[in-house]
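# Need coordinates for the below:
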Amino acid sequence: MTISPIILLRIILLTISFTVVGSLHLEGQWKSSDFFKFLSKFGFQQTDLNDRENTQGYVYGNITFPGNITTPLTFLVVDKQYFIEYYGNRTVLPRTSACQAMFEKIDKFAWNPVCNDLGREDFIRKVPCPTGQLCAEEDKPSLVVNGYQFTYRIQDTSQPRFWYIALSSCYRNTTNKQCQWYHNIDQDITLSYDIWLVNGSPYNKHINPFEHQFSFEMHDVFEIYAVFMIVCFILLGIQVWALRKQYHAITKILTFCIFMEFIGILLNFIHVSKFAYDGKGVVPIRITGNVIDMIAECIFMLLLMLIAKGWTITQPIVTRPYVLRIIWVCYTLSNGFLFVWNLTEIDIISDIDEWQTWPGFLILAFRMVIMLWFLYELRTSFTLEKHSEKLRFYLHFGAGFLVWFIYLPITALIGTAISPLWRYKALLSITFGADILAFVILCHLLWPSRSAIYFDLEAKRNGIMRATNETENIEMTGLLMSDDEDNVFDMEATNLIKTTRLRSSSTSSTERVRVKPYTDSLSPKEIIDLTSPVSYSDESQRAIISTNTSNHDFVSTRPDKKTALNIKQTNNDNEYTKGGRDDTNVNAYHDSVNKLF
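As a prediction, the model looks like this:
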């Protein structure tokens, strides 16, 4: 199955458009032929009566059209109790009936100088406003923010609250006080808008720059990202130091996960920092940061499964790797699908989060299945392992990361009981805190002083050093062992008796030979053969050796190869076979080596 470039482009555009709608500084254009345009949802903080000017919310901006119009359009700012009915009736046909249904409840409370001068709520503006002038409803110019055409002042002394803003192609006919709503179908115009939504006075934005531009549910998010970014950076530095001390596959994957988490948090921090400055942020950076954070979590889950399988701890290879690969790819793709679904399919006006949708339910269930598989693999590794330190590691590892697997479903369940005004920052803090705590615990468990035991690094290191030392010693004495014993016994007979010295008389039935100091071709087994008492079964097996009495060098006539190699000892106490040697031969071997020095 492949995704066409057109569909992929549409997904990207929908994603970016969603994130722009969620910003507080809104700039764009709208065609009245589209009938309805939802602009934004924004949480305004609770108003403090002792400091009303700096704690109330503001909606201000310009909505213009360069030409002349015959009938106006409508700009609306309302809270949720009025907006749900207004939003739900936007699809009613014909459009005139939709307009009447949309504003039926709002008309009872919205102030209008002609139709409802006793109304207490200032919800509606006729747009576009005259170029260079205030909107018609702005009867107190002193209350309008300088340089803009309209200003709403949002006050709620009881609690924070979400407010919604929208444009519609509806107009109210006030001729003869009819006050009926109609669909504006006589003209097709394009409005340009530039709107700000802020908490606190626009003239005193410096008082709290990290909350002024943000919707209430985003308050403290800047601080959350800053704290976790610093903590993750410190942890990354510590883990990099540990990686230099112990360069192992598992520690490399762990370091990569921490690095990805840090980059994801850093990109989101850059976005909110710029958002605090201009109310827009950098949307592509935020999306990239969230994607990287999602990938880091998926790779970390893969790492936990590898450890649970005992990879490089109990078993040198991963058992059933194809199963692990398929499940991990499916889980990663499902998380990617949920990410796109959250950006494009969840209704902006709803109060649900990603975990309260059917893709979210499926991923939480998938995570629980992986958790059960994690426990099964961990139990299998625990059963196979015999080392006490590794068993203790598995116990601590399983107890700690079982909590990590199960925390997200529990958090999602708790999130349903938390107000949407507080839910985002609460879930953000819990997820970042749980992930970084998991990194800290695993870094602690895999610290070089402990993990050397789990990975058998000390034993491997000692084995390598011991093998290196033995090789160096053997090379120094010229007694380098041969890996192929058959080759030793297939050597030429002249090499077997090379530079040897006759130790006893040639007439004796038992003869001894002594190794000259240094030889290139004799292995320890050959030396034992030459230094042990040997008996010849018959005269045909004797090597004919003649001596030169002047220089004591010995020259042997070359015996038959098989004869030289099939010499056997007849003395039971000194019997030597190809499979091993007895104590007498071992002593003879040591004597011969000592004489070399």
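
# Please count neighbours and contacts with C-alpha atoms only from this point.
OK.

# Run through who's touching stretch 121-132.
62-66, 72-78, 109-111, 135-137, 149, 152, 171, 191 (C-alpha atoms under 8 Å, 6 or more residues apart in numbering).

# residues near Cys330, how many?
12 (other C-alpha atoms under 10 Å).

# Against Phe337, how distant is it?
Remark: distance between Cys330 and Phe337 (C-alpha to C-alpha, to the nearest Å) = 10 Å.

# ok, Gly279 - contacts?
Ser23, Leu24, His25, Gln213, Phe214.

# List just the nearest of the residues you listed to Asp353.
The nearest member of the contacts of Gly279 to Asp353, counting by C-alpha to C-alpha, is Ser23 at 17.5 Å.

# Can you pull the poorly scored residue ranges out of this structure?
1-23, 456-597 (pLDDT under 70).

# quick one, longest helix in it?
helix 249-278 (DSSP state H).

# So for the helix or strand following it, what gets flagged as buried?
Using DSSP states H and E, the helix or strand that follows helix 249-278 in sequence is helix 283-308. Within helix 283-308, the residues that qualify as buried are 283, 285-287, 289-290, 292-308, counting by 16 or more other C-alpha atoms under 10 Å.

# which strands and helices sit next to helix 283-308?
Helices and strands touching helix 283-308, as assessed by 3 or more C-alpha pairs under 8 Å, 6 or more residues apart in numbering; DSSP states H and E, comprise helix 5-21, helix 249-278, helix 321-344, helix 358-384, helix 388-415.

# Of those, flag the one that's most buried.
Neighbour counts (mean count of other C-alpha atoms under 10 Å) averaged over each of the helices and strands packed on helix 283-308 peak at helix 249-278, with a mean of 21.

# Tell me which other helices or strands that helix touches.
Counting by 3+ C-alpha pairs under 8 Å, 6+ apart, helix 249-278 packs on helix 209-212, helix 221-245, helix 283-308, helix 420-445.

# So which elements touch the last one?
The criterion is 3+ C-alpha pairs under 8 Å, 6+ apart, and the helices and strands that helix 420-445 contacts are helix 221-245, helix 249-278, helix 388-415.

# Tell me what angle the first one forms with helix 420-445.
This means helix 221-245. For helix 221-245 against helix 420-445, the angle by axes from the mean of the first three to the mean of the last three C-alpha atoms, to 10 degrees is 10 degrees.

# swap in the last one?
Interaxial angle, helix 388-415 versus helix 420-445 (the same axes, to 10 degrees): 180 degrees.

# can you put the contacts of Gly279 in CSV and add distance to Ile348?
Below are those laid out as CSV (distance: C-alpha to C-alpha, whole Å):
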residue, distance to Ile348
Ser23, 12
Leu24, 14
His25, 17
Gln213, 19
Phe214, 17
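
# Among these, which pair sits farthest apart?
His25 and Phe214, at 10.0 Å, using C-alpha to C-alpha across the contacts of Gly279.

# Dump the helices and strands packed on helix 420-445 into TSV; add distance to Gln180 as well.
Listed next are the helices and strands packed on helix 420-445 as TSV, based on distance: least, C-alpha to C-alpha, whole Å:
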stretch	distance to Gln180
helix 221-245	44
helix 249-278	40
helix 388-415	43
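
# so which of the ones you listed comes closest to Phe432?
helix 221-245 (7.2 Å).

# Distance from the chain centre to the closest one, please.
The chain centroid and the centroid of helix 221-245 are separated by 14 Å under C-alpha atoms, centre = their mean, to the nearest Å.

# Show me what it is packed up against.
Against helix 221-245 (3+ C-alpha pairs under 8 Å, 6+ apart) you get helix 249-278, helix 420-445.

# so can I have TSV of those helices showing distance to Trp355?
Formatted as TSV, the helices and strands packed on helix 221-245 follow (distance: least, C-alpha to C-alpha, whole Å):
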stretch	distance to Trp355
helix 249-278	20
helix 420-445	11
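
# right, so of the helices and strands packed on helix 420-445, which gets closest to Pro202?
helix 249-278 (12.5 Å).

# roughly how far is that closest one from the heart of the chain?
The answer for helix 249-278 is 10 Å, by C-alpha atoms, centre = their mean.

# tell me the angle of that helix relative to helix 221-245?
Inter-element angle recorded for helix 249-278 and helix 221-245: 150 degrees (by the same axes, to 10 degrees).

# Between helix 283-308 and helix 249-278, find me the angle.
Using the same axes, to 10 degrees: helix 249-278 against helix 283-308 is 160 degrees.

# Looking at His25 and Phe214, which one has more neighbours?
Phe214 (25 against 22).

# Roughly how far does the more buried one sit from Lys280?
From Phe214 to Lys280 the distance is 10 Å (C-alpha to C-alpha).

# JSON lines for the helices and strands packed on helix 249-278, including distance to Glu85?
Formatted as JSON lines, the helices and strands packed on helix 249-278 follow (distance: least, C-alpha to C-alpha, whole Å):
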{"stretch": "helix 209-212", "distance to Glu85": "30"}
{"stretch": "helix 221-245", "distance to Glu85": "31"}
{"stretch": "helix 283-308", "distance to Glu85": "31"}
{"stretch": "helix 420-445", "distance to Glu85": "20"}
